[in-house]
Every structure is written in structure tokens, then in C-alpha cells.
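Trainee: Generate a structure from the sequence data that follows.
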Amino acid sequence: KSEAEVPSMKQWALPSKELHGLWENLIYEQTLKVELLQYASAMLLLSRRGIDNKIINWNKVLLFHGPPGTGKTSICKALAQKLTIRLSDAYPHGGTLIEVN
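Mentor: Numbering: from 1, shown residues only. Next up is the predicted model:
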């Protein structure tokens, strides 16, 4: 595709059938997915409870870096899907994933 044909963004309502099973199909070091999910879940819980980040300091950003084709976009999509499902009691209306190119 030419640069003019590439969409500038894509949006999914979560949970999404298109992303079903993505988390389970990603292969990384054994503990990476577990630790990432635990960190992101804890970050959302602290934020939802209104914990003052001066009392408990945490970074509200997950930054993935690496060369093209290493799975950064895939793990972001999978993590968003997994968190939406896991935290559906707290966020019953689901979520939105926006991929910006």
C-alpha cells in the first residue's frame, strides 16, 4: 500500500471477537505475560480507587519498544482485550482500543 492508503488509526470496541485468543497465542518468555497483566491490573485498580500517587508512586504508562515485527502491537491488543475481560465487573461497558499509526 502507498502511504496515502494506510489508515491513520483503527478502533475496536472491547472485548472484540477479532482479538479473541490473541493473548493465548503470543509466545514470550514464561513470566512476561503474567507480570505484564499483573502490573496493568494493579495500575488500573490503584487509579480506579483514587490512590494518591504521592503515597504510592507508580507509572501510569506501559511503553513497548523494539524493532518492527517483534510483537509490540500484538501484545498491546492482546493486553487490552485480556484486561477488558478480566475487569468486566469494574468496567461493565467494555472499553475501546485505538491503534494510531
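Trainee: For Ile27, give me its contacts.
Mentor: Listed by Cβ atoms under 8 Å, 6 or more residues apart in numbering, the contact set of Ile27 is empty. Placement of C-beta: from N, CA and C, glycine included.
Trainee: Helix or strand with the lowest mean pLDDT in this protein?
Mentor: Ranking every helix and strand in the chain by mean pLDDT, DSSP states H and E puts helix 32-48 at the bottom, with a mean of 90.
Trainee: Show me what counts as buried in that one.
Mentor: Using 16 or more other Cβ atoms under 10 Å as the test for burial, helix 32-48 gives Lys33, Leu36, Leu37, Ala40, Met43, Leu44, Leu46.
Trainee: Now do the same contact list for the first one.
Mentor: Taking Cβ under 8 Å, 6+ apart as the definition of contact, the neighbours of Lys33 are Trp23, Leu26, Ile75.
Trainee: Which elements pack onto the host helix or strand of the last one?
Mentor: I take that to be Ile75. For Ile75, the host element (DSSP states H and E) is helix 72-86. Here helix 72-86 touches strand 9-14, helix 22-25, helix 32-48, strand 95-100, going by 3 or more Cβ pairs under 8 Å, 6 or more residues apart in numbering; DSSP states H and E.
Trainee: Check which strands are paired with the first one and give the direction for each one.
Mentor: Each strand paired with strand 9-14, and its direction, by DSSP bridges: strand 95-100 (antiparallel).
Trainee: Check the offset of the strand it pairs with from the chain's centre.
Mentor: 9 Å (Cα atoms, centre = their mean, to the nearest Å).
Trainee: Kindly report the same for stretch 75-88.
Mentor: 6 Å.
Trainee: next one: stretch 85-101
Mentor: For stretch 85-101, the distance to the chain centre is 9 Å (Cα atoms, centre = their mean).
Trainee: Which positions within it qualify as buried?
Mentor: Of all the residues in stretch 85-101, those buried under the rule 16+ other Cβ under 10 Å are Leu87, Gly95, Leu97.
Trainee: Other residues contacting that stretch?
Mentor: By Cβ under 8 Å, 6+ apart, stretch 85-101 touches 6-16, 19, 37, 41, 44, 48, 73, 76-77, 80-81, 83-84.
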